[in-house]
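Peer 1: With the input below, show me the fold.
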Amino acid sequence: MPSKKKAAEAVASPSAYQEDVVMEEAPEVPEMPKRRSDLDEAAAEQARRDPLAPSALAFGPDRITALKGSEQDAVSYRIEKEDHTLGNALRYIIMKNPDVEFCGYSIPHPSEDVMILRIQTYKAEGTADDALSKGLDDLIDLCDVVADKFKDARVEFMAGRETPDSK
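Peer 2: Numbering: from 1, shown residues only. Predicted structure coming up:
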């Protein structure tokens, strides 16, 4: 299996579509814990094992904090080191949840690496923490499907591509 550095260089170079480039499989993402304290413990354990793993980067300690004044069904989260890329995708996925009444995000200032995500659920339904957890899980699943389809299309493309020697 090629190293991460070699794979990154292959993707960045014009020869990235040569047949010798091997796509690495994404590591297993552990199931998201139900309580915030379990989330911090799981993230700390994952970060100790592999600090560059997606789950360690996404759910690291102090990356996601609930702001003061939040209730169970209406919470504002401060998410460090994120921007519109995650904000818009996560807002879209969370709004697909029928238990969610409102979800929105803002970037307080372009020079700050912070996103504020607000989730409000219907009172009789689940909590905002549950909605965030489900939204993150659903977004990870969606990204896995897109990555699988990309890999399949790439393999199909490479199989049908003429080599310079076959002309």
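
Peer 1: residue ranges for the strands of the protein, please.
Peer 2: In the chain, strands defined by DSSP state E lie at 64-66, 74-80, 100-106, 114-121, listed in chain order.

Peer 1: Pipe the ones you listed into a markdown table and attach mean pLDDT, distance to Ala159 and mean neighbour count per row.
Peer 2: (Each C-beta comes from the backbone N, C-alpha and C, glycine too.) Formatted as a markdown table, those follow (pLDDT from 0 to 100; distance: least, Cβ to Cβ, whole Å; neighbours: other Cβ atoms under 10 Å):
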| stretch | mean pLDDT | distance to Ala159 | mean neighbour count |
| --- | --- | --- | --- |
| strand 64-66 | 88 | 42 | 16 |
| strand 74-80 | 93 | 41 | 18 |
| strand 100-106 | 96 | 41 | 18 |
| strand 114-121 | 95 | 41 | 20 |
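
Peer 1: residue contacts, the closest residue to Gly104 other than its chain neighbours?
Peer 2: The shortest distance from Gly104 to any non-neighbouring residue, by Cβ to Cβ, 6 or more residues apart in numbering, is to Arg118 (5.2 Å). Contact partners of Arg118, counting by Cβ atoms under 8 Å, 6 or more residues apart in numbering, are 74-77, 102-105.

Peer 1: partner residues bridging Arg118?
Peer 2: Here Arg118 shows beta-bridge partners Ser76, Gly104, assigned using DSSP bridges.

Peer 1: And it, how far from Phe150?
Peer 2: Per Cβ to Cβ, to the nearest Å, Arg118 is found 32 Å from Phe150.

Peer 1: try Pro110
Peer 2: 30 Å.

Peer 1: Same drill for those two, tell me which one is more crowded.
Peer 2: Neighbour count, other Cβ atoms under 10 Å: between Pro110 and Phe150, Phe150 has more, with 11 against 7.

Peer 1: quick one: low-confidence parts of the chain?
Peer 2: Along the chain, the parts satisfying pLDDT under 70 run over 1-48, 50-61, 162-167.

Peer 1: change it to 90
Peer 2: The model of the chain has pLDDT under 90 over residues 1-66, 69-73, 81-82, 110-113, 123-126, 159-167.

Peer 1: The top helix by length along it - contacts with which helices or strands?
Peer 2: Longest helix of the chain, by residue count under DSSP state H: helix 128-160. Judged by 3 or more Cβ pairs under 8 Å, 6 or more residues apart in numbering; DSSP states H and E, helix 128-160 is in contact with strand 74-80, helix 84-95, strand 100-106, strand 114-121.

Peer 1: got the angle between the longest one and helix 128-160?
Peer 2: Between helix 84-95 and helix 128-160, the angle comes out at 110 degrees (axes from the mean of the first three to the mean of the last three Cα atoms, to 10 degrees).
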